[in-house]
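> Got a predicted model here, sequence first, then my questions.
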Amino acid sequence: MTDAPVLALRDVHKSFGPVEVLTGIDVELRSGEVLALIGENGAGKSTTMKILAGYQPATSGRIVLDGKDVHFGSLHDGEDAGIVLIHQEFNLAEQLTVEQNIFLGRELRRGPLLDKARMRDLSRQYLARLKCNVDPDTPVSRLSNSDKQMVEIAKALSRDARILIMDEPTAVLTGSEVEVLFEQVRALRAAGTAILFTSHKLGEVASIADRVTVMRDGAVVRTDRVAAMTEDDMATAMVGRDVSALYPPKPDLPTDGSVALRVAGLTVPGRAHDIGFTLRHGEILGIAGLIGSGRTEAMEGLCGLRLATVSALEIEGKPVTIRSTADALAHGLCYMTEDRKLRGLLLDKGMRVNLTLQSLARFGRILIDRKAEDTALAQAVKDFDIRAGHGDVLVGNLSGGNQQKLLLAKIMQSDPRILIIDEPTRGIDIGTKQQIYSFLRALAAEGRAIVVVSSEMQEIIGLSDRVLVMRQGRIAGVLDADGITEDAIVRHAMGVGTDPNERAA
């Protein structure tokens with residue numbers, strides 16, 4: 001590693017119209033080093049990375065490559081200089097195969113023909129480095145999100161980048177997949193690659209990075225060696241306030257509280273079998289388990305999003321039948337999807353349209369009361385602290401955290417008594433996580449019953465009053481408040497023993 005930066009931004013400013021999103025940014029990437037770039041959603045990280053890679057021009061300031069000022073007119077200029085950006089959002093052609101995506105625009109040829117055998121063989125080699133067993137001939141549309149992310153990383157490996165920029169590469173990866181990725185990052189660092197890495201998971205930053213640059217409100221507020229900063233130091237620098245109390249206090253809930261939801265024998269063919277549990281008013285029930293354990297599928301089946309059967313289903317003590325999301329909403333049951341961008345929000349529409357879409361009947365059956373919609377939006381912006389430059393902003397231009405808060409505000413327009421929330425804080429920063437945890441606890445305090453499905457162990461432990469653990473489509477165990485520990489959850493999820501605190505769901 002050398003102290004001289006291979007790529008740097010000097011006093012970079014960026015404006016979109018009258019809105020300045022970056023103010024005087026200085027960032028340095030060095031060969032053989034991992035620099036972590038962290039900050040809240042909306043802090044300017046993605047814009048900074050896009051300027052570094054040539055995807056967006058700076059309004060003013062300098063880009064310095066190998067000690068010389070450069071101008072990138074396009075992403076191709078950046079890639080020609082050896083800079084590769086792995087996007088937070090998948091940049092894959094869904095209808096093409098894995099191999100075709102990896103070599104898209106850089107196809108290998110044998111004479112006038114494509115050398116498909118060579119590209120297929122190299123694709124297998126890149127995927128094998130990532131311990132990803134995907135067939136190169138598989139269409140990308142058939143892959144899971146974690147496999148798509150591995151294909152994105154394989155595509156970057158194929159380019160032999162001297163500067164690699166990774167925007168939230170671990171957001172959809174399992175723990176074992178993250179470690180495989182980090183093995184590759186360490187190997188690339190040892191080979192002299194300069195790496196910029198962003199993650200909202202500060203434990204990952206502490207594990208993989210050499211230095212960290214912290215951004216807040218479009219400016220760099222601190223750059224230091226990772227060894228000189230604790231995770232609390234990083235979090236406090238990001239949000240400008242103490243976030244050590246990330247999770248709100250859990251109240252003492254009466255064990256004989258009234259039951260909001262009772263489920264027995266819920267089965268989603270091929271995904272979940274014989275799921276049963278009760279959910280009380282004022283309670284947050286966490287659902288944990290490994291990816292593929294059937295957590296999401298079971299909850300989607302319960303809410304009418306998947307074909308499912310159920311032996312018994314009661315809401316407020318009354319038998320109900322749910323065959324569609326409309327049925328669920330009619331009974332006060334609402335599901336918040338884990339995929340806000342594809343299934344939760346219309347990214348090319350404004351906030352008002354998104355907020356009221358699920359509950360349009362409240363705003364008129366023939367003509368929509370725009371004034372009432374505007375009033376509802378103003379109240380939602382206030383209640384959920386949605387930060388947008390103006391009310392007409394397209395939702396796709398909001399930060400991930402503000403999109404998630406808008407999605408939560410959207411489902412609350414239906415005034416549900418029972419909420420099922422899947423991955424409530426995926427891909428958002430620690431400050432917004434703290435806000436959402438407080439929102440959920442406040443909703444529970446109002447007497448609403450909440451189910452939280454999450455892949456984050458600490459989120460399940462810190463937020464849940466009880467935890468239901470799933471394994472291979474079945475309930476592996478249920479933990480009461482005193483028994484919610486990482487060890488107990490992992491043991492049930494892996495099927496390696498039972499817990500003495502386990503009780504009936």
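Noted; the coordinates are in hand.
> tell me the contacts of Leu313?
Leu313 makes contact with 262-264, 266, 302, 319-322 under the criterion CB atoms under 8 Å, 6 or more residues apart in numbering. In this view, the C-beta of every residue, glycine as well, is placed from N, C-alpha and C.
> Just the buried ones from those?
Among those, those buried by neighbour count (16 or more other CB atoms under 10 Å) are 262-263, 266, 302, 320, 322.
> First residue to last residue on stretch 264-274, what's the distance there?
7 Å (CA to CA, to the nearest Å).
> do stretch 277-291 as well
Stretch 277-291 end-to-end distance (CA to CA) = 20 Å.
> low-scoring pLDDT stretches of the stretch 351-500 of the chain, where are they?
Along the stretch 351-500 of the chain, segments meeting pLDDT under 70 span 391, 497-500.
> tell me the strands in it, going along the chain?
Secondary structure of the stretch 351-500 of the chain (DSSP state E, counting those that start in this stretch): strands at 418-422, 449-453, 466-471, 474-479.
> Kindly report the same for the stretch 1-150 of the chain.
Using DSSP E, counting those that start in this stretch, strands in the stretch 1-150 of the chain cover 5-16, 19-30, 33-39, 60-65, 68-70, 83-86, 109-110, 113-114.
> which one of those strands lies closest to Ile418?
With CB to CB as the measure, strand 33-39 is the member of those nearest Ile418 (34.9 Å).
> which residues touch the closest one?
With contacts defined as CB under 8 Å, 6+ apart, strand 33-39 is touched by 1, 27-29, 45, 48-49, 185, 189, 194-200, 202, 205, 208-216, 226, 234, 238, 429.
> Now do the helix or strand bottoming out on mean pLDDT in the chain: which elements does it pack against?
One helix or strand of the chain scores below all others by mean pLDDT, DSSP states H and E: helix 145-157, with a mean of 81. Packing contacts for helix 145-157, counted by 3 or more CB pairs under 8 Å, 6 or more residues apart in numbering; DSSP states H and E, involve strand 83-86, helix 98-102, helix 116-129, helix 175-190.
> Skip the chain neighbours and tell me the closest residue to Lys349.
Using CB to CB, 6 or more residues apart in numbering and skipping residues adjacent in sequence, the residue nearest Lys349 is Val395, 6.2 Å away.
> Just to check, the one you found is in contact with Leu355?
No. In terms of CB atoms under 8 Å, Val395 does not count as a neighbour of Leu355; the distance is 9.6 Å.
> anything in contact with each of these two?
The overlap between the contact sets of Val395 and Leu355 (CB under 8 Å, 6+ apart) consists of Leu406.
> before we move on, back to that, redo the helices and strands packed on helix 145-157 as CSV? Include distance to Ile163.
Shown next, in CSV, are the helices and strands packed on helix 145-157 (distance: least, CB to CB, whole Å):
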stretch, distance to Ile163
strand 83-86, 4
helix 98-102, 19
helix 116-129, 19
helix 175-190, 10
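> Nearest to Ser144, out of these?
helix 175-190 (10.7 Å).
> Let me know the average pLDDT across the closest one.
Averaging pLDDT along helix 175-190 yields 85.
> Can you name the element that comes right after that helix?
strand 194-198 (DSSP states H and E).
> who touches that following strand?
6-7, 27, 29-38, 45, 49, 52, 162-169, 185, 188-189, 205, 208-209.
> Adjacent strands (with direction) for it?
Strand pairing for strand 194-198, using DSSP bridges, gives strand 33-39 (parallel), strand 163-167 (parallel).
> Out of the ones you listed, flag the one nearest Leu96.
strand 163-167 (21.9 Å).
> Low-confidence ranges, the stretch 151-300 of the chain, go.
For the stretch 151-300 of the chain, the stretches with pLDDT under 70 are 241-244, 254-256.
> in it, which spans are helices?
175-190, 202-208, 231-239, 295-302 (DSSP state H, counting those that start in this stretch).
> just those helices: most buried one?
Mean neighbours per residue, mean count of other CB atoms under 10 Å, is largest over the helices of the stretch 151-300 of the chain for helix 295-302, with a mean of 25.
> Give me the angle between it and strand 418-422.
Between helix 295-302 and strand 418-422, the angle comes out at 150 degrees (axes from the mean of the first three to the mean of the last three CA atoms, to 10 degrees).
> Put the alpha carbons of helix 295-302 into PDB.
The C-alpha trace of helix 295-302 is given here as PDB (Å, rounded to 0.1, in the frame of the first residue of the first chain):
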ATOM      1  CA  ARG A 295     -40.300 -17.100   6.600                       C
ATOM      2  CA  THR A 296     -41.400 -14.700   3.900                       C
ATOM      3  CA  GLU A 297     -43.400 -17.400   2.000                       C
ATOM      4  CA  ALA A 298     -45.400 -18.300   5.100                       C
ATOM      5  CA  MET A 299     -46.300 -14.600   5.800                       C
ATOM      6  CA  GLU A 300     -47.200 -14.000   2.200                       C
ATOM      7  CA  GLY A 301     -49.400 -17.000   2.200                       C
ATOM      8  CA  LEU A 302     -51.100 -15.800   5.400                       C
END
